[in-house]
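Chemist: Need coordinates for the following:
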Amino acid sequence: MTRKQNTKAKFDNIAFICANKAAIKRTMSKLVAKYGNCDVAQADVIVALGGDGFMLDTLRKHISLLRRGLPVYGMNQGTIGFLMNGFSKDGLRERLVKSHAAKIQPLKMTAQTPDGTVEALAINEISLLRQTSQAAHIRISIDGEERMARLMADGILISTPAGSTAYNLSAHGPVIPLGSDVLALTPISAFRPRRWRGALLKNTAKVKFEIINPKKRPVSAVADSTEFRNVTTVEVKQAHDITFNLLFDEGHELDEKILREQFSV
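Modeler: Predicted coordinates:
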C-alpha cells in the first residue's frame, strides 16, 4: 500500500458527526465552535467522533459520497479505537493536512434467506455463525470449485486486511498487512476437520458457503454488525468498485497499527 500524505488538501469545510451519546455530543459542540461545521455533502472531510463501531456505521451510511473520494478522519471516543485517531481538540486542520490515507475496499455479501435475497457490505469481516446448540455444517466453494465438502464448526468468517486484527484475530486467524491482495478465511471453533486453521485467498476470489441441513442447523450471516438469520447460501467477494479513504495521523497509520499487532504479546 502506498501511503499518501494530504499535502495539497486544505480541509476548509469539515463535517462533524458523532455517536449518539450525550458526552460525545458535548465534545462535538466544542469542536464545531472552534472549527465550524458544514453539511456532509459540501464537506472536504468527515470527522467522526466515536468508536470503531461508529466508524463502520459512518462508512456504510455515507457510501455514495465516500465512493467519490470524500475522506473520513476518526477521533476516538470509544473503547478500542483501532480505526480511529487519538482525540485532541487542538490543531485539527494541521493534523488533517499531515495525515495519511489508508484505502480500504469492503466485502460484499449476497445471501439467500427464507424471505429472499439480501445484500450487505462489510469493512472488517463477514461471519457465518450457528444459531442454536447444533454445530453448523457448511460446504465451501472457491471460484466455483468445491474446496471443503463439510465444515463442522461454530461458524466461519472471511476478513479483509483492515479487519484481520478484529474478530478474525480472536478466532486465531492471521493478521494481514494492509495493502495485501489477500483475504483471510478462518473457521470458528472447528470440530471437523479439527486441525484445519483456514486459508488465505486472493482478493479476487469468489467464495460461496452452502448451509447443509439449514432447518436442523440454522446459521446467521453477519456483515460487521448487520445480521441476517436462517441463511441457506452466502456468496462473498471483495467490492473492488468501492474504496474508502480513512485518514490517520502521521506515525499512527493503519498499516503501522496492523504491523504492531503482529508483535504484540
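Chemist: The longest helix belonging to the chain packs against which elements?
Modeler: If you go by DSSP state H, the chain has its longest helix at helix 22-35. On a contact count with 3 or more C-beta pairs under 8 Å, 6 or more residues apart in numbering; DSSP states H and E, helix 22-35 meets strand 14-18, strand 45-50, helix 92-98. Yep, even glycine has a C-beta here, placed from its N, CA and C like the rest.
Chemist: Tell me where the stretch 51-200 of the chain has strands.
Modeler: Here the stretch 51-200 of the chain has its strands, by DSSP state E, counting those that start in this stretch, at 72-76, 100-104, 107-113, 116-122, 125-130, 136-142, 145-159, 182-192, 199-202.
Chemist: The second one to strand 72-76, inter-axis angle?
Modeler: Here strand 100-104 runs at an angle of 100 degrees relative to strand 72-76 (axes from the mean of the first three to the mean of the last three C-alpha atoms, to 10 degrees).
Chemist: Strand 100-104 pairs with which strands, parallel or anti?
Modeler: strand 4-5 (antiparallel), strand 244-248 (antiparallel) (DSSP bridges).
Chemist: for the ones you listed, which one ends up most surrounded?
Modeler: Ranked by mean neighbour count, these are led by strand 244-248 with a mean of 23 (mean count of other C-beta atoms under 10 Å).
Chemist: before we move on, back to that, may I see the strands paired with strand 100-104 organised as TSV, with mean pLDDT and distance to T186 added?
Modeler: TSV is the format used below for the strands paired with strand 100-104 (pLDDT from 0 to 100; distance: least, C-beta to C-beta, whole Å):
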stretch	mean pLDDT	distance to T186
strand 4-5	52	30
strand 244-248	94	22
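Chemist: Look at S127 and report its pLDDT.
Modeler: On pLDDT, S127 comes in at 98.
Chemist: Bridged to it, which residues?
Modeler: L157, V222.
Chemist: Now do the contacts for it.
Modeler: Going by C-beta atoms under 8 Å, 6 or more residues apart in numbering, S127 touches 155-157, 167, 188, 221-222.
Chemist: Also G116?
Modeler: By C-beta under 8 Å, 6+ apart, G116 lies in contact with nothing.
Chemist: and the residue nearest to Y35 when sequence neighbours are not counted, how many neighbours?
Modeler: Closest residue to Y35 apart from its sequence neighbours, by C-beta to C-beta, 6 or more residues apart in numbering: I14 at 5.5 Å. Look at I14: counted by other C-beta atoms under 10 Å, it has 20 neighbours.
Chemist: I14 and Q42 touch, don't they?
Modeler: No - I14 lies out of contact with Q42 (C-beta atoms under 8 Å); the separation is 10.4 Å.
Chemist: and among the helices and strands packed on helix 22-35, the most buried is which?
Modeler: strand 45-50 (a mean of 24).
Chemist: Give me the contact list for that strand.
Modeler: So strand 45-50 is in contact with 9, 11, 13-19, 21, 24, 27-28, 31, 40, 54-55, 58, 62, 70-78, 84, 87, 92, 96, 247, going by C-beta under 8 Å, 6+ apart.
Chemist: now the residues you listed: which count as buried?
Modeler: Buried subset of these (neighbour count, 16 or more other C-beta atoms under 10 Å): 9, 11, 14-19, 24, 27-28, 31, 40, 54-55, 58, 62, 70-78, 84, 92, 96, 247.
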